[in-house]
Each structure stands twice: as C-alpha cells, then as structure tokens.
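Asks: Starting from these lines, generate the structure:
(one chain, ligands or ions: 1)
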Amino acid sequence: MVVGAGFGGMYALYDLRRRGFTVRVFERGSGVGGTWFWNRYPGARCDIESMEYSYSFDEDLQQEWTWSQRYPTQPEILAYAEHVADRFDLRRHITFGTGVGAAAYDEGTDVWRVTTDTGEEVDARFLVLATGVLSATRVPEFPGLERFRGQLHHTARWPVDGVDVTGKRVGVIGTGSSGIQVVPQLAADAARLTVFQRTANYSISAENDRLTEEQIRDVRADYPAIREKARRSFTGSTVPINRQSALAVPEDERRAQFEARWKLGGFPFLGSYDDVMRDLDANELAAEFVRDKIRSIVRDPAVAELLTPDDHPIGSKRICVDTGYFATFNRSNVRLVSVRERPIEEITETGLRAGGEHHELDVLVLATGFDAMTGSFTRIDIRGRGGQTLAAKWADGARTYLGVQTAGFPNLFTLTGPGSPAVLCNMFLAIEQHVDWVGRALSTMREEGHDVIEATVEAEEQWTTHVDEAADGTLYKHANSWYVGSNVPGKARVFLPYAGGVGRYRKICDSVAEDGYRGFVLGRARAGTPA
Ligand code: NAP
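Replies: Numbers count the residues shown, from 1 in each chain. Just a heads-up that it's a prediction; the model follows:
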C-alpha cells in the first residue's frame, strides 16, 4: 500500500507495479499531484528548474513533455502530474478522496492493518508513506482565529476555484517561500495588502524566463548525462559550486562573482563560493550583498530596514526565490507590519490586532508553513511493534535508518523521510532514488524468500548520529527553521535532513543494498500475503 499520490506515490505505484507487486494507493485529495494539488495560491511556482524538476525514469516522457518556463508554475506542474497519471495508467490503482487515519502492525501475521478515514480497513504487507515532507500544514494558535468572519485561507489549502481579492483588504501572515511568492500576486489585485512579518528573510530573484526551443533541445540531447551528473552531485543540481573561498579573493572580484550569480537567479547564488554555506565570515559577505540588493530595491529606508534579514546566516533557512517580492513594498497599497515589534494579539471578527492597532481585513492568508519532515507521518496513528506509535518514538526527534525506515516498524517505508537529503535537493531526484531503493529491496527480498525487512536499532542510532554530525559541517543549525523543527512549538530541536551530500548519500544507500541490506534484518512473515 502506498499513501499519497503526489510525485513520490505516483512513482512508487509505477515502479512497484512494474516489479510485479499488487499496489493500492490512497490519496486524500481528489486528484494526483500532492504538493502541487494543494498549493494553488497565486504565484505558486517551483524554485528548481523545470527541466530538472521532473521524472527521469522514462526517456520518452522526458523527451516529449515540454516545459514552458525555467521555473514552472503550479498549474503547469499539476498538468504534468496529470499527464503522467494518464500516460502510465496510474489512476485505476488510486482511491481518491480518502486519507489514511491509522495503521497498525500485526506482529502475529506481519501485516499492516490500515484504516482509512472513510472507514475502510485494508491489510498490506508493505506500507509506503509517500505523504510528503511539506504537506502537514501548520496554523498557529492565534487567539480568536475561529471568530474571523472574512475569508481565511492557508496557502497550502488554497481553494480550487481561487480567491478573488479584487478591491478587498487582504492580510498575509508569514514571509517564507509561500508568503514571498503570494505577496506580489495579491498586491496586484487587492485594494490594500498588509504583510505581517515576524522574521525578515533572504530571497534571491528567480530571473525566471520562458525556455527557448534551443535550451529545451540542448537539455533533451544530453538528458541522461545531465540527470546522472545531478545524481552524483552534492546538491542535486548541475550548476557547479565555485570551489574558491569567498575570503580568498579581492573585494571587486567577489562582488563581480556575487553579481553574476545574482543575475543567474535562484539557488545557485549560494554556490557563489565554496564556503558560503560552511563559514560564517564567508556567509556574511554573501548575506551583505543580498541586504544591499534589498536596500537598493525598496525605496522607503525604514521599510527596507525591516525587510533586511540580520538574525541568521543566508541559506541556513531554506533560501527563498522570488519574482518581484521586495519591489512590491514600493506599491502604495502595500504595508509591512513587523509582528516582532508589534506582536499579533488576536484575530477579531473583522481583522487582526497587532501591537495595539486593529487592521480591518476581508481576507486573511496564512502563509505559516508546515510541521515539516515528520508531521505528515506522525499525524497518522501509526503503531509498530508493541503498539508503539511513531509520534511517541519520534517525540525527542526523528530517528531513522537512511531516512527510509525506523526500527520497530517493519515493512514501513518513509519516502524522502527525515535523515535523507530530500528537502536539501531536487525532490524528484530524491523521490526516484528512494523509490528505486525500496523497489530493489522488495524485489531482492522476494527473490531470496524474504518478506519482512526492519532496520536495527544499532544502524538507526549510528545513522542518526551521522546525520547530526553531517549538519555540523554546515551553518544550518544557526537558524530557527523548519529544518530543525523550531517552527512548531514543542517540537524537538533536531536537524532533520541529511546534509552530507546527495551523491554521497546515494553511494551509502547503494552500498547498504549491495552488502545484503547491512543494518536491516530480513525475515519471513508469519502468515501468507494478505488478499
Ligand atoms: P515557512 O518557511 O515555515 O514560513 C512560515 C512563515 O510564517 C515564516 O515567515 C514564519 O515566521 C511565519 N510564522 C509562522 N508562525 C507565525 C506566527 N505565530 N506569527 C507570525 N508569523 C509566523 O513556510 P513556507 O513559506 O510555507 O515554506 C516552507 C517550505 O516549503 C519552504 O522553505 C520550501 O522548502 C517549500 N516551498 C517551496 C516553494 C517553492 O518551490 N518556491 C514555495 C513555497 C514553499 P518565522 O520565520 O519568524 O518563524
């Protein structure tokens, strides 16, 4: 059984089916696409380039699908998901409109008993959670939120029919990637837009553009090599990191390099120099360059100051990629309110009170993020050996082996889970690698007469320590972010992704498989395959 029909679940279905397994998928939404099904807010767009943010498993698919822009919009990515579902005839195995509420491992039969929120009970030998790592939405407990009589929308639960803000007074809480994308779009239509910012964020201009026929042709001609290069790289991208130190070059040369990377747009800016993500002094040089950009774009110096991040290294929170975000604050209908200086006191029937001032609002948008990396797993009542819940096991921080399994939960796979590099790279690359690894494991087990696989506690402990140590070589722990769970009150502060590099991670996973699934115990189920 696969839970979720986003890009992870779709490929898991495709891959396991072609390996001869019987697969059933449950999907809460009414269609495929996962993240791109739910995040329909205006301006939603991927921050990885389209020609790379796509499946590589089928050469014909990647040769035939034509992306229109360098950074694809949500509607285009959703259309791609639907195309893949049709092309590979995936829908007939997917039950839409059905979430999975609980799953319990029966130690007597080695079967997962899964209960859906429509009351169906289904047994499965293997349970693959493709529930996404940025899908469990988070709504802060603002006093009075339930009283608000206007329209209230979380960016990741945006209505299918859209929201018409023409002539309306709109408020946005949150200035992460979602807020930074939605703000310019809402500002264009709303009568008044008020942005409630707690932490100023670094954002790099996307420099998005339409793809030319020549660009598409060049990538297609070299697709297998490009994909392979990305798989073996550190960041999952083909744009190289400049191997020089930012501290070792003269100032004018450094400025020219930052400028060139800024013009390139998006994530590659962080690869301007080798040590930007590892050395605080090098990082500060890159951060100051971006701060100068903000000051040069935003006309009102007081607003520019509020928008200028100064409390965390650049890139230590997931960097944002925007189209016209900072310039939006030059519009006369847009106001920035720092809720750090003027905290949100309450939501009222007609708006929001912050720092003693009441803001009248017709529409309130929550761009407040997710219980990232663990929430979509732990919100399901998953019970492994001895009835232990996954939520209880991970209460002090997620512990996994390779990000793909956790001890005490046999035959349960957490696609792109905590302890894997997924969110630090191109999610498609991470999905394909995890699904291929799980599929290969299940095929090998079948050939060898095994049908139970479980990570050992020792392997899990070693991996969890390794994940923590890998982050020590970076600046990620210097920020409060969803990478460390600090955006969710009460969540253990643990660095969740694997920061040791995508290529290295792949090598480790492959060597574990080649070594007879080192760190896993393989066995025989106590009862036959469930019907
Ligand atoms: P996020 O990065 O966690 O940002 C949430 C925002 O809400 C932050 O500005 C946060 O402020 C604010 N916030 C949360 N609770 C608050 C409270 N009680 N009062 C005031 N402000 C509050 O969430 P996100 O923007 O949805 O992005 C999450 C991740 O999804 C991204 O990092 C990215 O990986 C992915 N994403 C990608 C794209 C893309 O591809 N372009 C687009 C959207 C999302 P603080 O910073 O002070 O906590």
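Asks: Show me the domain layout of this structure.
Replies: Using automatic domain parsing, the domain ranges for the chain come out as 2-136+371-523, 169-214+230-365.
Asks: which non-adjacent residue is nearest Ala395?
Replies: Of all residues not flanking Ala395 in the chain, Ala492 sits nearest, at 6.8 Å (C-beta to C-beta, 6 or more residues apart in numbering). Where you see a C-beta, it was placed from the backbone N, CA and C, and this is true even at glycine.
Asks: Give me the contacts around stretch 80-88.
Replies: Here stretch 80-88 makes contact (C-beta atoms under 8 Å, 6 or more residues apart in numbering) with 5-7, 10, 14, 31-34, 36-37, 54-55, 58, 61, 65, 72, 90-91, 94.
Asks: Just the buried ones from these?
Replies: Among the contacts of stretch 80-88, those that count as buried by neighbour count (16 or more other C-beta atoms under 10 Å) are 5-7, 10, 14, 31-34, 36-37, 54-55, 61, 65, 72, 90-91, 94.
Asks: you'd agree Pro159 is up against Arg40?
Replies: Yes - counting by C-beta atoms under 8 Å, Arg40 is a contact partner of Pro159 at 7.4 Å.
Asks: Compare the two (neighbour count), which wins?
Replies: Taking other C-beta atoms under 10 Å, Pro159 and Arg40 do not tie; Arg40 has more neighbours (21 against 10).
Asks: Just the pLDDT for the more buried one.
Replies: On the pLDDT scale, Arg40 is placed at 98.
Asks: do the one 10 residues further on as well
Replies: Per-residue pLDDT puts Ser50 at 95.
Asks: So it sits against Arg70, correct?
Replies: Yes - between Ser50 and Arg70 there is a contact under C-beta under 8 Å: 6.6 Å.
Asks: Overlap of the contact sets of those two?
Replies: Residues within reach of Ser50 and of Arg70 at once, by C-beta under 8 Å, 6+ apart, are Leu211.
Asks: burial measure for the closest residue to the ligand within the stretch 151-300 of the chain, as a count.
Replies: Proximity to the ligand, evaluated over the stretch 151-300 of the chain using C-beta to the nearest ligand atom, is greatest for Gly176 at 2.3 Å. Close neighbours of Gly176, defined as other C-beta under 10 Å, add up to 22.
Asks: Correct me if wrong: it contacts Ala372.
Replies: No - between Gly176 and Ala372 there is no contact under C-beta under 8 Å: 10.6 Å.
Asks: Of all the residues in stretch 44-60, which ones are buried?
Replies: Buried, per 16+ other C-beta under 10 Å, within stretch 44-60: 44-57.
Asks: related to what we said a few turns ago, could you report the pLDDT at the residue nearest to Ala395?
Replies: On the pLDDT scale, Ala492 gets 96.
Asks: which residues touch it?
Replies: When contacts are counted by C-beta under 8 Å, 6+ apart, Ala492 touches Trp394, Ala395, Asp396, Gly397, Gly485.
Asks: so what's the fourth one closest to, chain neighbours aside?
Replies: Going back to what we said before, that points to Gly397. Nearest to Gly397 is Val494, by C-beta to C-beta, 6+ apart, at 3.3 Å.
Asks: Just after the helix or strand harbouring Ala225, pick out the following helix or strand.
Replies: Using DSSP states H and E, Ala225 sits in helix 223-232. If you walk from helix 223-232 toward the C-terminus, the next helix or strand you reach (DSSP H and E) is helix 251-264.
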